[in-house]
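**Q** Give me a 3D structure for the following:
(one chain, ligands or ions: 1)
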Amino acid sequence: MKNLFTSLSILFLSMAGAQSVKTNNPIITDKYTGDPAALVYKEKVYLYAGHDEAPNDFHFYKMNEWLVYSSCDMKKWESHPVPLKTSDFKWAKGDAWASQVIQRNGKFYWYVTVEHGTIPGKSIGVAVSDSPLGPFKDALGRALITNDMTKFTDISWDDIDPTVYIDSDGQAYLFWGNTSCHYAKLKENMTEIDGEIHHIELPNFTEAPWIHKHKNWYYLSYAYEFPEKIAYAMSKSITGPWEYKGILNEIAGNSNTNHQSIIEFKGQWYFIYHNGASKPDGGSFRRSVCIDKLFYNKDGTMKRIVMTSEGIQ
Ligand code: FUB
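**A** Below you'll find the predicted structure:
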């Protein structure tokens, strides 16, 4: 009897201990959010995401606006007024799909996926602002990329998921794609393509390319297969050749997409992604942004991400 009492006490104590660990993932809980893209600027992280507005009985994306949150420590996130909507692009007809913001010469450029109003298919637009929090306005009054500009696949949704990287020599590159991964140079003004559009061959490329650099390696991570894992390739040059390195993250709980953003902030690398784990109604079209730490091996390859409920403590 005494032994049973002792075992029960230990069980209760360990349960109490387990409950005291704070669950920081998902980090955004005021709204459903997907397709995170983070920007580090002046000691803060700005997190941009699409607003998943689908009701529980709706089995596709319903997305009309993008959201922005900011943090000084990756743990506490402040929400801000809605900075950009699909209706801000007069030539578009909806679908606030994946996007990324980048800073150049004091201006913030937001590359977004939207459904084009007159050219069939998805397209990429650019909005601009003087502040990372907006307000953002359409920089061009037309799309930067439309479906008829790329011929590597016949599908109408291959021109999605833009990611932009400015190399150390100042040359900016736009990568994007679904099924086929595309890239092109951007002119200094960040609103015009410079030269031809290229295709990159990557194993089981689905979508969501993201470029980052660590030491002297470039990394091209992307959504792999469907339901999506995240895989990556490495190169010594942003224009390739890219060498496939394997899976970085497994399928994210309760979501068929995973969509990563990788940043370094105050000396720590972070893997930002979405899953469908928000209770009670999370799922593939009601996603939530999460963050876990990312680590490198000595040879520059990345260690497999460990997705946690605890997140950043
Ligand atoms: O959010 C809509 C689409 O789902 C994105 O553009 C893809 O990356 C996937 O996450």
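**Q** Look up phi and psi at the closest residue to T23 other than its chain neighbours.
**A** Computed as C-beta to C-beta, 6 or more residues apart in numbering, the closest residue to T23 that is not its neighbour in sequence is S309, at 4.5 Å. C-beta here means a position set from N, CA and C on the backbone, and glycine is covered the same way. Backbone torsions for S309, taken as degrees, to the nearest 10, come to phi -80, psi -30.
**Q** Let me see the confidence value for S309.
**A** Turning to S309, the model gives it a pLDDT of 96.
**Q** That one - how many residues pack around it?
**A** S309: 14 surrounding residues under other C-beta atoms under 10 Å.
**Q** Write out the residues of this protein neighbouring the ligand.
**A** For the chain, the residues in contact with the ligand (C-beta under 6 Å from any ligand atom) are 34-35, 50, 61, 97-98, 113, 160-161, 207-208, 257, 259.
**Q** Mark which of the residues you listed are buried, thanks.
**A** Buried members of the residues of the chain next to the ligand, scored by 16 or more other C-beta atoms under 10 Å, are 34-35, 50, 61, 97-98, 113, 160-161, 207-208, 257, 259.
**Q** Quick check: buried residues in stretch 95-103?
**A** Buried, per 16+ other C-beta under 10 Å, within stretch 95-103: D95, A96, W97, A98, S99, Q100, V101, I102.
**Q** all helices of the stretch 151-300 of the chain, in order?
**A** With DSSP state H, counting those that start in this stretch, there are no helices along the stretch 151-300 of the chain.
**Q** can you give me the helices for the stretch 1-150 of the chain?
**A** Using DSSP H, counting those that start in this stretch, helices in the stretch 1-150 of the chain cover 2-19.
**Q** so where is it shaky, pLDDT-wise?
**A** 1-20 (pLDDT under 70).
**Q** Swap in 80 and give it another go.
**A** In the predicted model of the stretch 1-150 of the chain, residues 1-21 satisfy pLDDT under 80.
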